[in-house]
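1. Show me how the following folds:
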Amino acid sequence: MGLHCIVRCDDLLKAVSAQQNITGKKGSMAILSNLLLETDDNHLICTGTDLEIGLKQIIAAEIIEAGKITLPAKKLFELARESGGNDIVLKEQDNAWVEIEAGPGHYRLAGMQADEFPQFPLYDEKAQIAVKSEIFTEIIDKTYFSIAQDKESIFSLTAALLQKYKEEENSYIKMVTSDGHRLSLCSKKIETNIDILELNSSTLIPRRGIQEIRKFCENSDTINLGIEEKQIVLKDENSILIVRLMKGDFPDFASLLQSISQENIVHINRIRFLEALKRINLFTEDISHAIKISLTQNKIILNSQHTEYGSATDAFEIQYGGEDIDLAFNCRYFIEVIQVMEGDIIKLTVKDEKSPCMITSDQDEGFLCVIMPMKL
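-> Numbering: from 1, shown residues only. You can find the predicted model right below:
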């Protein structure tokens, strides 16, 4: 008849749960809402794709009869989640119907023939290097928040730029993101040789791809990483994730960084600043989140005002010896960057009220963020 197998409910649930953001996207092809299920020795292979992102997972199974079929990803997830049993039995019937036994329940689920499912992208397994997952999770966590939303007019800003470089004998990867109002950059050292990775000046990973890469890295201590001309490949013992790269050119961020003046540097306690910003933000306007930052000798004063609710002020000591300056910024931008940073003390570098502010920390090597000012 076709596919007939028994899998542990927890294993199937974990696999189909990871596929929900990929298969849940509405598209022109109905079969993209389905998962491809196919047998291989003592395993069941679950594959989902939206033609931009593809995820293949291998789970242990008792194979009674080999075969392949596609089933609705959302409904299969709901069945696995609510089954109430240890095992799930899948048995293909005529016309792409599948009988499912899960706990005390028996179900018939309509599928589609596997021949209609798109082919999983080919990749070069020899062009991969081993990378610690924590490296990718860190560079994503410290840059993801400043990726532009899809409505951004500069399309390339809806992606993260990934680059490689070498300093002396050390290899590094760098992720850069910007939404036009702020820019985040994080570099991390890679212990293995990165020469085989086809990274260039415009290797752009789309926002949704970054989300899936972050989730993928949570499941393994080490991943195999491959970066090819049109795609990025991540592989662990039981899963393969492939994300199609975006075409386009990322804006010239190097010129912006070089233009930032080092005239006025503020040393400030990170936690004290973050707590103050969160309180001040309660009295900002919902759209602009504008706050006023006043710098005087060894003192910072934060002010915000809401037309309906009132105003807020907070002042505390800092290390600053420059001229008095009044600045205006989006408070939420500061909160998002400071809460992902490391170190007790951070540095704010700014020239005047019309200049961008750069945020760094000596205890957070390889990371910086630049926030553009607002009009007072």
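2. For residue 272, which non-adjacent residue is spatially closest?
-> residue 316 (6.0 Å; CB to CB, 6 or more residues apart in numbering). In short, each C-beta sits where N, CA and C put it, glycine included.
3. Indicate each strand paired with the helix or strand containing the one you found and its parallel or antiparallel sense.
-> Here residue 316, judged by DSSP states H and E, is contained in strand 310-317. Sheet partners assigned to strand 310-317 using DSSP bridges are listed as strand 299-306 (antiparallel).
4. Okay, helices next: where are they in the stretch 101-250 of the chain?
-> 133-141, 207-217 (DSSP state H, counting those that start in this stretch).
5. Mind putting those helices into JSON lines with distance to residue 322 and mean neighbour count?
-> Shown next, in JSON lines, are the helices of the stretch 101-250 of the chain (distance: least, CB to CB, whole Å; neighbours: other CB atoms under 10 Å):
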{"stretch": "helix 133-141", "distance to residue 322": "32", "mean neighbour count": "19"}
{"stretch": "helix 207-217", "distance to residue 322": "37", "mean neighbour count": "20"}
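6. Throw those into CSV and include mean pLDDT, thanks.
-> Converted to CSV, the helices of the stretch 101-250 of the chain look like this (pLDDT from 0 to 100):
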stretch, mean pLDDT
helix 133-141, 96
helix 207-217, 96
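7. Tell me what residue 330 is bridged to.
-> residue 290.
8. still on that earlier bit, give me the distance between the residue nearest to residue 272 and residue 291.
-> Per CB to CB, to the nearest Å, residue 316 is found 15 Å from residue 291.
9. before we move on, what about residue 206?
-> Counting by CB to CB, the separation of residue 206 from residue 291 is 32 Å.
10. Next: residue 127.
-> Counting by CB to CB - residue 127 and residue 291 are separated by 48 Å.
11. Equivalent analysis for residue 85, please.
-> For residue 85, the distance to residue 291 - CB to CB - is 54 Å.
12. For the longest strand along the chain, buried residues please.
-> Ranked by number of residues, the top strand in the chain under DSSP state E is strand 53-65. For strand 53-65, a neighbour-count test (16 or more other CB atoms under 10 Å) marks 53, 54, 55, 56, 57, 58, 59, 61, 63 as buried.
13. same deal with stretch 20-35?
-> 21, 22, 23, 31, 32, 33, 34, 35.
14. Burial check on the closest residue in space to the fifth one that isn't next to it in sequence, number of neighbours?
-> Put plainly, it is residue 32. Nearest residue to residue 32, sequence neighbours excluded (CB to CB, 6+ apart): residue 50, at 5.6 Å. Neighbour count for residue 50, taken as other CB atoms under 10 Å: 20.
15. I figured residue 50 was touching residue 25, is that so?
-> Yes: with contact defined as CB atoms under 8 Å, residue 50 reaches residue 25; the gap is 4.7 Å.
16. Mind listing the shared neighbours of these two?
-> Listed as contacting both residue 50 and residue 25 by CB atoms under 8 Å, 6 or more residues apart in numbering are residue 32.
17. Tell me which of residue 127 and residue 291 has more neighbours.
-> A direct count of neighbours by other CB under 10 Å for residue 127 and residue 291 places residue 291 higher, at 25 against 14.
18. Now do residue 346 against residue 369, distance only.
-> Taking CB to CB as the measure, residue 346 falls 10 Å from residue 369.
19. shared neighbours of these two, anything?
-> Joint contacts of residue 346 and residue 369 (CB under 8 Å, 6+ apart) are 359, 360.
20. Looking only at neighbour counts, state which of those two leads.
-> Taking neighbours as other CB under 10 Å, residue 346 and residue 369 compare with residue 369 leading, 27 against 24.
21. give me every residue that touches the more buried one.
-> Contact analysis of residue 369 by CB under 8 Å, 6+ apart lists 146, 182, 183, 184, 185, 337, 358, 359, 360.
22. Was I right to think the fourth one contacts residue 161?
-> No: proximity of residue 184 to residue 161 does not meet the contact threshold set by CB under 8 Å, at 10.7 Å.
23. Could I get the full set of strands for the stretch 1-150 of the chain?
-> For the stretch 1-150 of the chain, the strands defined by DSSP state E, counting those that start in this stretch occupy 4-8, 34-40, 43-49, 53-65, 68-72, 87-92, 97-102, 105-110, 129-132.
24. Residue 155 is nearest to which of the ones you listed?
-> strand 53-65 (17.7 Å; CB to CB).
25. So in that sheet, which strands flank that closest one, and in what orientation?
-> strand 4-8 (antiparallel), strand 43-49 (antiparallel), strand 239-244 (antiparallel).
26. buried set for stretch 109-124?
-> For stretch 109-124, a neighbour-count test (16+ other CB under 10 Å) marks 109, 111, 112, 114, 117, 120, 121, 123 as buried.
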